[in-house]
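> with the sequence up front, the predicted model follows.
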Amino acid sequence: MEILDRLQLPDDIRKLNYEELDKLAQEVREFMLESVSKTGGHLAPSLGVVELTLALLKVFDPLNDRIVWDVGHQSYAYKILTDRKNKFHTLRQYGGISGFNKISESPYDAFGVGHTSTSIASALGIKTASDMKGKDQKVVAVIGDGAMTAGLAYEAINYLGHLDKNMIVILNDNEMSISPNVGAMSSYLSRIMTGEIYTRFRKDVANIFEHAPMGSAFLHVAKKMEEGLKGFFTPGVLFEEFGLKYIGPINGHNIRDLTKALHNAEIQDGPALIHVGTKKGKGFKPAEENPEKFHGVSAFDLKTGEAVKFGKKKTYTDIFGDKICEMAEKDENIVALTAAMPDGVGLRSFSEKFPDRFFDVGIAEQFAVTYSAGLAVNGLKPYVAIYSTFLQRAFDSIIHDVALQNLPVTFCIDRGGIVGADGPTHHGTFDLSYLRLIPNMTIMAPKDGDELEEMLELSSSVDGPVAIRYPRGSADEYDFARQPVKLGEPEIISDQGDYAIVSVGHIFSESYKLYNKIKQSGNKCSLVNLRFVKPLDSKKLLEVLYEKKGVILIEENALNGGACEKIQSLLIDNGYKGEIKKFGIPDEFVPHGDIPSLRKSIGLNADYIFDIVKDLWPKND
Ligand SMILES: Cc1ncc(C[n+]2csc(CCOP(=O)(O)OP(=O)(O)O)c2C)c(N)n1
Ligand SMILES: CC(=O)[C@@H](O)[C@H](O)COP(=O)(O)O
Ligand SMILES: [Mg+2]
């Protein structure tokens, strides 16, 4: 790493010539591969923008100017080349650096990201404030072609054109979202990349003149005008119409071309969009050949690209993916939707078995929900599979378009609860709270894989909207006898002793450990698996809890507005006088890291809870 090791980052980058920059690009890739092969992370997106990052740091001052990355999953080179090379080995680990940009992590990070499509809007806000405060700052947003499918990006471009601000938008076009990109915008961008926009225009013109009277004479004139027309048909006419000067397409791996384009954009009066073509996974053959697999990876063998950890238990996602296919075989009205994450939510096999009943709408969660309401109002049964954290974007669509009209849309909410390394932008810790507020909603949370299957089966007979939330990772299994899932009814696993544990969803894994620790300490305790947040058979629940001296409520959701609060209110409203202890996500954002460390940090594990509650029982001599 001859250059990388001797640089005073990032300032020295601006003094390098292009040969040194090309050499540095190789060294950064080597450094990144070495580290991410151990830690895991978003490798392919970051490999794809090494040259772009160097060009940005060559032209701009990342401390004074503001570079806003969209999602931030592609900012590993930026982190290495600014102030986090020596911390990069702690990537996404508990207490280490984040996998995305965070203003609290570094002054070089202009804005916190993790959800897509926010960069142009936030950069425009930064630029507007900069102008109002008389700061001399260049502001750049770097957004991917996938992120360009979300409405927020267009709201921002619309207003950017209106304000006519001197700001640069870099569209990093690798023709990939996590999977190959979808949508009309994606096809438009591909046509630009292949130069098809202009060639199609030439063919259309030739076609018109060939069939018009005296056409050949006009065709001769048209050919003469070709150069002028070529200028008129700049490939980025769509952006030009929004008031952005289109520059491109540019080879995103040529630092010279990139810096030239950046300088060209810089001198524009008003906003400019630089359309950059890159290869996702560039520089590491396994990632170039399979950018989808290497979008987000766990630790892998640098030589082969194979994951280091083998063997994989069935995940909740797998169970959902299999069950929805089984249900679709029996009910032709069932359709399934994803917002650009067919593999992440487990719908790949559904898409292959039922291609006409599968909809990947791109990164457009709000649209996905309202679109599914349209599908439902006209007789279909949509299953909308979206991560809990990304579904937050569609909160109003759930209320306004689905629940208010009591439509049979089922939300399959994956990554419910703490997700781990992705951290606070990705933890699904609010869904039980934000859904509980909504009338007509049925809200279920399975404790294990079997229950997820039963809840999916039950959903098809519910008249109205349903939400089923389940976590990232392997499905839990329990050896005790199970009671069938019945709408609204909690599962009473044991009813004994003066105290009761009530557990919500998959955190049952900790609740069951707690239950056994209490039993091993010679005490008795009841154990309830809530199953439903709405509707809730309060009679059955009160029959178990009312006579207890104390109730221990546990959920992996925000305590604010969560299921524990609901049960607490139910008990108090019914005159309960016993002790109530609630354990869940406190009123704070949970950091990134491994799940056991995170649960320990917020007191959401069996050991911590046992230490708190063990004194409820009299000491056994
Ligand atoms: C609102 C939202 N939905 C979904 C995701 C999951 N996600 C992360 S990156 C990504 C694809 C982004 O594609 P693009 O912007 O082209 O970036 P690339 O990975 O190609 O560099 C998706 C769908 C997210 N982070 N935020
Ligand atoms: C960057 C992003 O938002 C996605 O890549 C996300 O990290 C995927 O999460 P999972 O790894 O839980 O599928
Ligand atoms: Mg992309």
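Okay, I see it. All of these numbers come straight from a predicted model, not from anything done at the bench. Ligands and ions are numbered 1, 2, ... in the order given.
> now the element after the strand ranked longest in the chain, going C-ward?
Longest strand of the chain, by residue count under DSSP state E: strand 550-558. Sequence-wise, the next helix or strand downstream of strand 550-558 (DSSP states H and E) is helix 563-573.
> which helices and strands does that following helix pack with?
Contacts defined by 3 or more CB pairs under 8 Å, 6 or more residues apart in numbering; DSSP states H and E place helix 563-573 against helix 431-436, strand 499-504, helix 538-545, strand 550-558, strand 579-585. For glycine as for every other residue, the C-beta is placed from the backbone atoms N, C-alpha and C.
> centre of the chain to the longest one, how far?
Okay, so that is strand 550-558. 27 Å (CA atoms, centre = their mean, to the nearest Å).
> for the record, mean pLDDT for it?
For strand 550-558, mean pLDDT rounds to 98.
> ends of stretch 176-191, what's the gap?
15 Å (CA to CA, to the nearest Å).
> which positions within it qualify as buried?
For stretch 176-191, the neighbour count (16 or more other CB atoms under 10 Å) marks 176-179, 181-183, 185-186, 188-189 as buried.
> out of those, which touch ligand 2?
Contacts with ligand 2 within these, counted by CB under 6 Å from any ligand atom: Ile178.
> tell me the one of the buried residues of stretch 176-191 nearest Phe284?
Minimum distance to Phe284 across the buried residues of stretch 176-191 is 14.9 Å, recorded for Met176 (CB to CB).
> identify the residue nearest the closest one in space, chain neighbours excluded?
Lys280 (4.7 Å; CB to CB, 6 or more residues apart in numbering).
> burial measure for Gly248, as a count.
Neighbours of Gly248 under the rule other CB atoms under 10 Å: 25.
> wait, doesn't it sit right on Ala272?
No. Assessed by CB atoms under 8 Å, Gly248 is found out of contact with Ala272, at 10.0 Å.
> circling back to that earlier point, contact partners for the residue nearest to Met176?
44-45, 47-48, 174, 176, 287-288, 291, 295 (CB atoms under 8 Å, 6 or more residues apart in numbering).
> could you do Lys58 as well?
13-14, 16, 21, 255, 259.
> part of a helix, is it?
Yes. The assignment for Lys58 is a helix, going by DSSP: H, G, I helix; E, B strand; the rest coil.
> quick one: it from Gly277, how far?
19 Å (CB to CB, to the nearest Å).
> do Gly248 as well
8 Å.
> what's around the closest residue to ligand 1 within the stretch 451-600 of the chain, how many residues?
Closest residue of the stretch 451-600 of the chain to ligand 1, CB to the nearest ligand atom: Arg472 (13.0 Å). Per other CB under 10 Å, the neighbour tally for Arg472 reads 24.
> just Val308 next, same as before
Residues near Val308, counting by other CB under 10 Å: 12.
> my guess is it meets Phe300, correct?
Yes. Using CB under 8 Å, Val308 is in contact with Phe300, at 5.9 Å.
> the residue nearest to Glu266 when sequence neighbours are not counted: neighbour count?
For Glu266, ignoring the flanking residues on the chain, the nearest one in space by CB to CB, 6+ apart is Lys138 at 6.6 Å. By other CB under 10 Å, the residues close to Lys138 number 19.
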